[in-house]
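> Let's see this in three dimensions:
(one chain, ligands or ions: 2)
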Amino acid sequence: MNRSIIVLDTTLRDGEQVPGAKMNVSQKVEFAQQLKRLNVDIIEAGFPASSHGDFQAVQEIARKVGDSVSVTALARAVKSDIDAVFESIRDAEDPFIHIVLGTSDIHVEKKFNRSQDAVLQMGVEAVKYAKTLLPNVQYSTEDASRSDFEYLWKTIEAVVKAGATMINVPDTVGYAVPEEFGDLIRRINDRLKNLNDNVILSVHCHNDLGLATANTLSAIKNGAEKIECTINGLGERAGNTSLEEVVMSLKVRENYYQCRTNIHTQELLKTSRLLTYLTGLDVQVNKAITGENAFAHSSGIHQDGLLKDKQVYEIMSPEEVGVEKMELILTARSGRHAFKNAVEKLGFATDDANEFEHLFEKFLALADAKKEVYDHDLFYLVTGHRSQAQTDHSLFELISYEVVTNEQKPTAAIVLKRGNKLLEGSAVGIGPIDALYTVLKTLTQLDVTLNSYKINSISRGKEAIGRVNIQMEYQGKPYFGRAMDTDIMKASALAFLNGLNAVLLDKVKVNSDK
Ligand SMILES: CC(=O)SCCNC(=O)CCNC(=O)[C@H](O)C(C)(C)COP(=O)(O)OP(=O)(O)OC[C@H]1O[C@@H](n2cnc3c(N)ncnc32)[C@H](O)[C@@H]1OP(=O)(O)O
Ligand SMILES: CC(C)C(=O)C(=O)O
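Residues are numbered from 1 along each chain as shown. Ligands and ions are numbered 1, 2, ... in the order given. Below you'll find the model as predicted:
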C-alpha cells in the first residue's frame, strides 16, 4: 500500500520571510483558508515572537482555520518564543510547537559561541519546557546538512528522549545534493526507528542550488514521512521546496515513489494565484505546474502530437492542477446568474447579498471598460474588492484624481480623504507618475523615497488589468505597496497610497507602543 506523506505548508512563515511578501492579518487568514481547501495537513502560520502583528495573525489562523487542519508556529530555543507559540496556537484543534536550533559547527561556534554540549542542552531544555504546554513538539536541527553526523544524531537522540514527537531535518542553506541528502535521511531513519518508531521524520529544503524539490523527493524515497514546503516555492533567499512540484511528482510518478498526499490538486493553481495576488510576487512563466506556460504548447510538432493524443506531450492533465478546460467569457450583457456561477467556480462564496450586488456593479463597470471578462479578471475583482472593504478608515483614501500629460508639463490633481477630512492638491512632475507621487507625498506629509516601481499586465487583451508594485523607504525602513486597475494611473496612485498607508500604520503603532 502507498505510504501517506504529511504535507506542512510554511508559506506563511518561511515564505513570508521574503522581502515584499508581507501580508496583513486578514490576508494571512484568507490564504490559510485556501490552504485548508487545498487540504494541507499542517499550516505553519508564522513566528509569533517576532511581532505583535505576527502573533495576532497566528492566533486568528488558529481560531478561524485550525478546526480541521493542524496549526503550528516557530520558536527559537527560548522560553519566551515558546510561550508566544503556545499562546497563539492553543485554540486550534491539533496544535504543536515547533522549535529550531542549529547543529552545525558553524551555528554552534559562530552563531552561539558555545560548546556542542551547551547548545544540545539548550535544545533539550526547550523541548522539555514545550512538552509542559502541549503534547506534540517538533524539533528542527537547523543546518543539519552541514552538521557532523554523530553530533546531529546525538542531538536527535537527546531531544527525542526529552519528548520531541517530530524531527525535522532542514537543508537550511540549500547545500545538499539529492543522493547525499537521501543518504542522510536513510541513516537518521534507520537509527530513529530503533530509538522510537512513533517519532515522525520530516524534511525542510531550500532551493539555493535549485535542488529543493529533488532533495525532498530523495528524502521521501529514503524514509521521510513529512515534508515542509511552500506555494510557488516562496521562501528565504532562493526559496523553499515548491509544494505543487513535490505533490505532482508523487502523483504523476506514483508507481515509482509508492507514496501519496492528501492534497486536493485541483486547488493548486488557485492557491498559487491567490498568493501572487496577496504578495504581488509573480510566478515565472515557465515554472513547473503553476507557470503560465506550464501547459501551453506552441510549436507545430507538439500541437500536432497533442491533437492526435494528449499523452504525446502531456504527463498530467491541466485540469488535475486546476487549469480550467473551458472558461465562460463574461461581458456587460451577462447577468447575475452567469456572474455568480463564474465567481463560485473560482471558489469564492457569494452568500452575502449586499457584497454580491457590489461585486456585480464592479463587474459591470469592468465589463464596460474591458469588453470581455475572463476568470483571471474576476479573481482580481473579487480579491481586490475584499481587501478594499477591509480598509481602515483612519487611513488615506483616494477620492478622485486627474492626470494631464504632455511633453512640457505633466500635471496631477488629487483629492484624498482621511476620516471626515478632504485633502486636495496638484503638482507638476517630470512625468505623470512623478506628478501623482509628488501630490500624494505633499498631501500625506510623508517624505518617502520611491526605490522601485514595476507595472505588469495581469490578464489578457488590450484593456487588461495593470498591476503596480512599488517599494519605498521611510526613515531607513522599506515599505511596499501594490494595486491594480484597468486604469494604470489609478493603479499607480493606489499602489503609492497603499505604501504611504503602511508607513502611517507603522507610525500609529510606534506611538501607541510608547
Ligand atoms: C532558518 C530560519 O528560517 S529560522 C527563522 C527565521 N525567522 C525569523 O528570524 C523571524 C523574524 N525574527 C525576528 O523577529 C527577530 O529576529 C527575533 C524576535 C526572533 C529576535 O530578535 P532579537 O531579540 O532582536 O535578536 P536578533 O534577531 O538581533 O538576534 C537573534 C538572537 O537570537 C539567538 N538565536 C538565533 N537562533 C536561535 C535559536 N534557534 N535558539 C535560541 N537562540 C537563537 C541569536 O544567537 C541572537 O542572540 P544574541 O543576541 O544573544 O546574539
Ligand atoms: C526553521 C527551519 C526548519 C528552517 O526554516 C530552516 O532551517 O531553513
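> only C-alpha atoms for contact and neighbour calcs from this point on.
Will do.
> Can you tell me which residue of the stretch 101-250 of the chain sits closest to ligand 1?
Closest residue of the stretch 101-250 of the chain to ligand 1, Cα to the nearest ligand atom: L101 (3.7 Å).
> Report the contact partners of that residue.
For L101, the contacting residues are R76, A77, G123, Y139, S140, T141, E142, by Cα atoms under 8 Å, 6 or more residues apart in numbering.
> G235: which of these is nearest?
Closest approach between these and G235, by Cα to Cα: E142, at 15.4 Å.
> Let me see the ranges of the strands in the stretch 51-200 of the chain.
70-76, 95-102, 137-142, 166-171, 200-205 (DSSP state E, counting those that start in this stretch).
> So for A342, which of the ones you listed sits nearest?
Across those, A342 has its closest neighbour in strand 70-76 (31.1 Å, Cα to Cα).
> near ligand 2, anything from that closest one?
No - using Cα under 6 Å from any ligand atom, strand 70-76 stays clear of ligand 2, coming no nearer than 6.8 Å.
> about what we covered before: near ligand 1 too, which of the contacts of L101?
With Cα under 6 Å from any ligand atom as the criterion, these include R76, A77 near ligand 1.
> any chance of the contacts of L101 in TSV, with pLDDT, distance to M472 and neighbour count too?
Formatted as TSV, the contacts of L101 follow (pLDDT from 0 to 100; distance: Cα to Cα, whole Å; neighbours: other Cα atoms under 10 Å):
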residue	pLDDT	distance to M472	neighbour count
R76	98	31	18
A77	98	35	23
G123	98	40	28
Y139	98	38	29
S140	98	35	26
T141	98	36	25
E142	98	33	23
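> From ligand 1, how far out is N341?
According to Cα to the nearest ligand atom, to the nearest Å, N341 and ligand 1 sit 41 Å apart.
> mind listing what that residue touches?
Contacts for N341 (Cα under 8 Å, 6+ apart) come out as none.
> now swap in L120 and tell me
By Cα under 8 Å, 6+ apart, L120 lies in contact with T155, A158.
> same check, this time on the one 10 residues further on
Neighbouring residues of A130 by Cα under 8 Å, 6+ apart: I82, I97, V137.
> out of the residues you listed, who has the most neighbours?
Using other Cα atoms under 10 Å as the neighbour test, those are led by I97, with 28 neighbours.
> Any idea what the residue of the stretch 201-350 of the chain at minimum distance from ligand 2 is bridged to?
Closest contact between the stretch 201-350 of the chain and ligand 2, by Cα to the nearest ligand atom, is at H204 (5.8 Å). Applying DSSP bridges to H204 yields these beta-bridge partners: P170, E228.
> Could you list the domains of the protein?
Here the domain parsing of the chain from automatic domain parsing is 3-279, 296-385, 396-513.
> now those domains in TSV, with distance to A288?
Below are those laid out as TSV (distance: least, Cα to Cα, whole Å):
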stretch	distance to A288
domain 3-279	7
domain 296-385	11
domain 396-513	19
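> among those domains, which is nearest N286?
Short answer: domain 296-385, nearest of the domains of the chain by Cα to Cα, at 9.6 Å.
> between the domains of the chain, which gets the lowest average pLDDT?
Ranked by mean pLDDT, the domains of the chain end with domain 296-385 at the bottom, a mean of 80.
> Among the domains of the chain, show me which one is buried the most.
Each of the domains of the chain was scored by mean neighbour count; the highest is domain 3-279, a mean of 21, by mean count of other Cα atoms under 10 Å.
> what's the offset of that one from the middle of its chain?
Relative to its parent chain, domain 3-279 has a centroid offset of 15 Å by Cα atoms, centre = their mean, to the nearest Å.
> what does stretch 496-504 give?
Stretch 496-504 sits 21 Å away from the centroid of its parent chain (Cα atoms, centre = their mean).
> May I have that stretch exported as PDB, CA atoms only?
These are the backbone C-alpha positions of stretch 496-504, laid out as PDB (Å, rounded to 0.1, in the frame of the first residue of the first chain):
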ATOM      1  CA  PHE A 496       1.800  54.500  -3.800                       C
ATOM      2  CA  LEU A 497      -1.100  55.400  -1.400                       C
ATOM      3  CA  ASN A 498      -1.100  51.800   0.000                       C
ATOM      4  CA  GLY A 499       2.600  52.200   0.700                       C
ATOM      5  CA  LEU A 500       2.000  55.500   2.400                       C
ATOM      6  CA  ASN A 501      -0.800  54.000   4.500                       C
ATOM      7  CA  ALA A 502       1.600  51.200   5.600                       C
ATOM      8  CA  VAL A 503       4.000  54.000   6.800                       C
ATOM      9  CA  LEU A 504       1.100  55.700   8.600                       C
END
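> List the residues that contact the residue of the chain found nearest ligand 2.
Closest contact between the chain and ligand 2, by Cα to the nearest ligand atom, is at T172 (3.7 Å). T172 sits next to E142, D143, A144, S145, H204, C205, H206 when contact means Cα under 8 Å, 6+ apart.
> Now the second one, what are its backbone angles?
Dihedral angles phi and psi of D143 (degrees, to the nearest 10) take the values phi 60, psi 30.
> Ligand 2 contacts on the stretch 151-300 of the chain?
Contact residues (Cα under 6 Å from any ligand atom) of the stretch 151-300 of the chain with ligand 2: P170, T172, H204.
> Let me have those in CSV, extended by distance to S394.
Listed next are those as CSV, based on distance: Cα to Cα, whole Å:
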residue, distance to S394
P170, 43
T172, 41
H204, 41
